[in-house]
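Asker: Just the structure for this:
(2 chains)
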Amino acid sequence: MPYSAGYGWGPAEIQVLQTRLVATCCEPKKSVNCAIPRIFKPPVTTPSEQDIQQHRPYLLRYAIMQLRNPEQAEDAVQETLLAALEGRVRFAGDSSLKTWLTGILKHKIMDALRRKAREQPLTPAGDDETQTVDTLFKSDGHWQQMPATWGDPEQALENRRFWEIFELCSRLLPERTARVYMLREVMELTTEEICQEFSITPTNLWVILHRARLALRECLEIKWFGAAQK
Amino acid sequence: MLLSQAQERPLGPAERFGVMLHLLVCKGCSNFRAQLEFLRAAVRRRRDANDVR
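Answerer: Alright, predicted model coming up:
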């Protein structure tokens, strides 16, 4: 239980105590660690079931984007909410409730991805993955067709139609390419984390990411930027 | 491929120099690089938009 609750101390008293504490601990030797002990943190209220539930829609969207499977996403969110309800007294208030819940969800998504990986192990790149790359480059490694400039692509970000095409193009990525790419770009996992997750080498990973970017670029080029310029 | 890798790790001096030289002569490649940056920005923007909604 937070200290303040039992002793009837309000924020003002705590403030005074903190000032004194910092003063006494810092003055003789500036180098000592002046971190304020945890007990002086403002009291944290345990989130109610309702507080937690209201983040459900957000968590679900997040999970669907990651897992690309509504049922698995639903499961992951369900597990997250359960875990959060059971462990809500441990919510420390260091971050917002939403961030805390998302943190739990990320673990659940990881679990789901791991299960998925076990069920259908990552096979070497399928034909659909290599094909894109093959058709884009000549045998000597030069571009079949040089990428043309996209003008001011920032404008597209304001266009609803562009986002529909963007969604479509992301869905066209081969399953495992998309999974790896989203972990990297959306979850911003590091190279090491992803390599560990999928048991692949950094070089493998770079190739997969490169293919994802090439394919996405090509798709947008054809369906949006190329069409817009004509 | 190196341009894509540059989004994952800092390139070494030799690699950077090579890329720079190549970009000077390859207009398509600088376009490609700009497009890579745009893709990253777009993906993150979509994520953040989903966060707020």
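
Asker: so who does whichever residue of chain B sits closest to chain A touch?
Answerer: The nearest approach of chain B to chain A comes at residue B:28, 3.0 Å away (C-beta to the nearest C-beta). Just so you know, the C-beta spots here come from the backbone N, C-alpha and C atoms, and that holds for glycine as well. With contact set as C-beta atoms under 8 Å, 6 or more residues apart in numbering or on different chains, residue B:28 has these partners: A:143, A:146-148.

Asker: So what touches the top helix by length along chain A?
Answerer: Criterion DSSP state H: the longest helix present in chain A is helix A:97-119. Under the contact criterion C-beta under 8 Å, 6+ apart, helix A:97-119 has outside partners A:47, A:51-52, A:55, A:58-59, A:62-63, A:66-67, A:72, A:75-77, A:79-80, A:83-84, A:91, A:95, A:179, A:187, A:197-198.

Asker: Let's see that with 6 Å instead.
Answerer: A:47, A:55, A:59, A:66-67, A:72, A:76, A:79-80, A:83-84, A:91 (C-beta atoms under 6 Å, 6 or more residues apart in numbering or on different chains).

Asker: now swap in stretch A:212-221 and tell me
Answerer: Applying C-beta under 6 Å, 6+ apart, the contact partners of stretch A:212-221 are A:132, A:169, A:172-173, A:177, A:181, B:4, B:35-36, B:39.

Asker: Include neighbour count when you put the residues you listed into TSV, please.
Answerer: Shown next, in TSV, are the contacts of stretch A:212-221 (neighbours: other C-beta atoms under 10 Å in any protein chain shown):
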residue	neighbour count
A:132	19
A:169	19
A:172	15
A:173	22
A:177	23
A:181	23
B:4	18
B:35	22
B:36	20
B:39	20
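
Asker: near chain B, which residues of chain A?
Answerer: Proximity of chain A to chain B, by C-beta under 6 Å from any C-beta of the partner chain, involves residues A:61, A:143, A:146-147, A:149, A:153, A:185-186, A:191, A:206, A:210, A:213, A:216-217.

Asker: Just the closest of the contacts of helix A:97-119 to residue A:222, please.
Answerer: Using C-beta to C-beta, residue A:66 comes nearest to residue A:222 of the contacts of helix A:97-119, at 26.5 Å.

Asker: ok, back up a step: just the buried residues from the contacts of residue B:28, in ChimeraX please.
Answerer: Only the buried entries of these go into this ChimeraX selection, using 16 or more other C-beta atoms under 10 Å in any protein chain shown:
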select /A:147
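
Asker: Low-confidence regions, chain A specifically.
Answerer: Low-confidence segments of chain A, defined by pLDDT under 70: A:1-44, A:117-134, A:227-230.

Asker: What segments of it are strands?
Answerer: Assigned by DSSP state E, chain A shows no strands.

Asker: max-length helix in chain B?
Answerer: helix B:27-52.

Asker: Now do that helix and helix A:97-119, the angle between them.
Answerer: Taking axes from the mean of the first three to the mean of the last three C-alpha atoms, to 10 degrees, one finds helix B:27-52 and helix A:97-119 inclined to each other by 120 degrees.

Asker: number of nearby residues for the nearest residue to residue A:95 once chain neighbours are set aside?
Answerer: Nearest residue to residue A:95 in three dimensions, chain neighbours excluded: residue A:103, at 7.7 Å (C-beta to C-beta, 6 or more residues apart in numbering or on different chains). By other C-beta atoms under 10 Å in any protein chain shown, the residues close to residue A:103 number 12.

Asker: pLDDT weak spots in chain B?
Answerer: With pLDDT under 70 as the threshold, chain B has low-confidence stretches at B:1, B:50-53.

Asker: at 80 instead, please
Answerer: Scanning chain B with the threshold set as pLDDT under 80 gives B:1-2, B:8, B:47-53.

Asker: for chain A, what are the nearby residues on it?
Answerer: Within chain B, the positions near chain A by C-beta under 6 Å from any C-beta are B:1, B:4-5, B:8, B:28, B:31-32, B:35-36, B:38-39, B:43, B:47, B:50.

Asker: again, only using 7 Å
Answerer: Contacts of chain B with chain A, taken as C-beta under 7 Å from any C-beta of the partner chain, map to B:1, B:4-5, B:8-9, B:27-28, B:31-32, B:35-36, B:38-40, B:42-47, B:50.
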